[in-house]
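[1] no sequence for this one, just the structure:
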C-alpha cells in the first residue's frame, strides 16, 4: 500500500471534460467540493488518511453522510452501491441492526473506563473458542498498533532484532514496516516515508513475494539475526496478490528451521475469508497473528494473538511492554461481539463466499467474451479488478502502473452510475451480507457498461 500511496500522490491530472460515447453525465459534487475546500484548511491535503484525497482518480473526494445496508449517500445526496465497505470491516453492511443495538445498549452505561470489563472477556472467548491457532489475545485500538506490538513481541521473545517483510505487503505505518525494497535479491529496507530514521529501516529486510530463493538467501545472509517473518497471507493492500499454499508453507517451514517466528498480518483477511482467517483457509499455523477491521464491527480496534507461552512475554506478565488507554474499549468490544456472533453462525461464510463467486465470475465471463484485457481476482468475499491478461499476479512488480489509467476512467464512470469503489486501482473490493442478489445484479450491469466505455476509449 505504501507504494500505491506514492503513485496516488504522483498523479495530478485534471478531470477530463469530454464525455466518452456512452458515458453518463457527472454526478453533482458541489457540497463535497465545498467541504473539501474547508477541510484543506484543517487537515494536510484535506484528509485524515491519504487515499481519501482521490488523487489517483477523477474529481473531488466524496464526503459521506450516511450508510445503510450496502448503500452510501454523499453530501450531495448521491446514492451508491458500496464495495469499499469502510475498507473491509463492514462484512454485515452499513449500520446493521444487531451491531447498532448492542452498541447503544453498552453506551448507555458509559463509553470508556480505562479498566477491565466483562465485554473484553466475552469477545476474547468468542474469538479464541472458535480459532485453533491462538490461545491468548491482546486488544489494541488499530491494526497498525497490533502489528507494531506483534513485531515488538517477536523481538522480545527471540532476543533478535531483524524482521523480514515482503514487497507488496502493507502492515500499517509503524516505522520499521513502512519500508520498501531496494535493488537486488535481498535488501535492507529503504524508507518509503519521510521521518523514518535509516537505522530503523536497516532492521527490516525486504524480499519479493513468491520468491523462495530470496527468502533462503535472507536467512543465510542474516543467520541467527531474524526475529520474525511477517506476511499478509492474503496480500490485499497493493492489489490482491494471491499466494500459493506451497509458498506460504515454505515460509512456515523456513521459519521453523531458523528459530524465527512467523507473523500472519490478518488485519484484512481475518474473519473475512473465514472465522479463522487465512490461517484456517490454508491450514497453516502462524506463531503470532494480528487482527483488526472486522472485529471492531466498524469501530476502531485491533488485536494480536498467539500461544499462551509467547503471549506470556507481554507486560504485566513478561518484559515486553505494550499498553493503551482505549484498548478493549467497551463500545468497540460490544460492536465486535455483535458482529462476530453473526459470523460464527453455521453457513455464514459459505453463503457470503458463494455470492461473491457468482458476482465475480459473471463479470469475468463478460470481459472474456468481449476479449477485454481484464481479470477479476478473488478469495472469500474479497475481489480485485486488474487490467491485465495474466492469470496470476503474485508480486507487486507484476502490476502494470499504466493500467491505473483505465481504472481512473472506470472509477469515474461507476460513480456516475451509482457504484462506489475505493479511490485507487491498487485497492480491493468487498462484498457484505447486505449486498442482495438484486443489488449485485444492478452493480454488474453498471460494471459491464463501464468496461465497454473503458475499452472503447483507450
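    Cool, got the structure. Bear in mind that the values here come from a model prediction, so they are computed numbers and not experimental data. Numbers count the residues shown, from 1 in each chain.

[2] What sits closest to residue 411 if chain neighbours are left out?
    Once flanking residues are discounted, residue 411 sits nearest to residue 57: 4.4 Å by CB to CB, 6 or more residues apart in numbering. The way it works is simple: take the backbone N, C-alpha and C, and place the C-beta from them, glycine included.

[3] What is the burial count for that neighbour?
    Residue 57: 25 surrounding residues under other CB atoms under 10 Å.

[4] Then the one 3 residues further on?
    The number of residues packed around residue 60, counting by other CB under 10 Å, is 19.

[5] contacting residues around residue 222?
    162, 205 (CB atoms under 8 Å, 6 or more residues apart in numbering).

[6] Can you list phi and psi of it for me?
    phi -120, psi 50 (degrees, to the nearest 10).

[7] For the residue nearest the centre of the chain, give its distance to residue 237.
    A centroid search over the chain (CA atoms, centre = their mean) returns residue 268, at 4.1 Å, as the residue closest to the centre. According to CB to CB, to the nearest Å, residue 268 stands 7 Å off from residue 237.

[8] and what of residue 411?
    18 Å.

[9] same question, residue 382
    Residue 382 is 11 Å from residue 237, by CB to CB.

[10] Over to residue 174?
    Distance from residue 174 to residue 237, by CB to CB: 14 Å.

[11] Looking at the two, which one has more neighbours?
    Neighbour count, other CB under 10 Å: between residue 174 and residue 237, residue 237 has more, with 26 against 16.

[12] mind showing which ranges of the stretch 151-300 of the chain have poor pLDDT?
    For the stretch 151-300 of the chain, applying pLDDT under 70 flags the ranges 181-192.

[13] So which residues of it form helices?
    198-201, 212-221, 245-257, 277-282 (DSSP state H, counting those that start in this stretch).

[14] buried ones in the first one?
    Residues 200, 201 are the ones in helix 198-201 that count as buried (16 or more other CB atoms under 10 Å).

[15] by contact count, what packs against that helix?
    strand 190-191 (3 or more CB pairs under 8 Å, 6 or more residues apart in numbering; DSSP states H and E).

[16] cool, and the second one?
    The contact analysis (3+ CB pairs under 8 Å, 6+ apart) places helix 212-221 against strand 204-208, strand 226-231, helix 245-257.

[17] redo that, cut-off 7 Å
    When contacts are defined as 3 or more CB pairs under 7 Å, 6 or more residues apart in numbering; DSSP states H and E, helix 212-221 sits against strand 204-208, helix 245-257.

[18] can you redo those as a markdown table with mean neighbour count and distance to residue 151?
    A markdown table is the format used below for these (neighbours: other CB atoms under 10 Å; distance: least, CB to CB, whole Å):
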| stretch | mean neighbour count | distance to residue 151 |
| --- | --- | --- |
| strand 204-208 | 23 | 9 |
| helix 245-257 | 16 | 14 |
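
[19] Which of the ones you listed sits closest to residue 69?
    helix 245-257 (34.8 Å; CB to CB).

[20] quick revisit: CSV for the helices and strands packed on helix 212-221, including distance to residue 215?
    Below are the helices and strands packed on helix 212-221 laid out as CSV (distance: least, CB to CB, whole Å):
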stretch, distance to residue 215
strand 204-208, 6
helix 245-257, 6
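
[21] distance between the ends of stretch 52-62?
    End-to-end distance of stretch 52-62 (CA to CA, to the nearest Å): 9 Å.

[22] now it: mean pLDDT?
    Averaging pLDDT along stretch 52-62 gives 94.

[23] Would you mind listing the buried residues in that stretch?
    Quick answer for stretch 52-62 (16+ other CB under 10 Å): 52, 53, 54, 55, 56, 57, 58, 59, 60, 61, 62.

[24] Give me the phi and psi angles of the second one.
    To tie it back to what came earlier, the one meant is residue 53. Residue torsions, per degrees, to the nearest 10, at residue 53 are phi -80, psi -10.

[25] same check, this time on the third one
    For residue 54, the backbone dihedrals (degrees, to the nearest 10) come out as phi 60, psi 30.

[26] can I assume residue 196 is in contact with residue 175?
    Yes: between residue 196 and residue 175 there is a contact under CB atoms under 7 Å: 4.9 Å.

[27] Residue 293 reaches residue 266, doesn't it?
    No: contact between residue 293 and residue 266 fails when scored by CB under 7 Å: they sit 9.4 Å apart.

[28] Between the two, tell me which one has more neighbours.
    A side-by-side neighbour count of residue 293 and residue 266, using other CB under 10 Å, places residue 266 first with 30 against 27.

[29] Give me the secondary structure label for residue 68.
    strand (DSSP: H, G, I helix; E, B strand; the rest coil).

[30] Report the beta-bridge partners for it.
    Taking DSSP bridges as the rule, residue 68 bridges to residue 71.

[31] Please give the number of neighbouring residues around it.
    Residue 68 has 14 nearby residues by other CB under 10 Å.

[32] neighbours around residue 66, how many?
    Counted with other CB under 10 Å, residue 66 comes out at 13.

[33] mind listing what it touches?
    residue 73 (CB atoms under 7 Å, 6 or more residues apart in numbering).

[34] before we move on, what about residue 145?
    Residue 145 neighbours (CB under 7 Å, 6+ apart): 302, 324.

[35] Under a three-state scheme, what state does it occupy?
    helix.

[36] any idea where the strands of the stretch 1-150 of the chain begin and end?
    64-68, 71-74, 79-82, 136-140 (DSSP state E, counting those that start in this stretch).

[37] out of those strands, which comes closest to residue 456?
    Nearest to residue 456, of the strands of the stretch 1-150 of the chain and by CB to CB, is strand 79-82 at 23.3 Å.

[38] tell me the mean pLDDT over the closest one?
    Here the average pLDDT along strand 79-82 is 98.

[39] Also stretch 65-76?
    Mean predicted lDDT for stretch 65-76 stands at 98.
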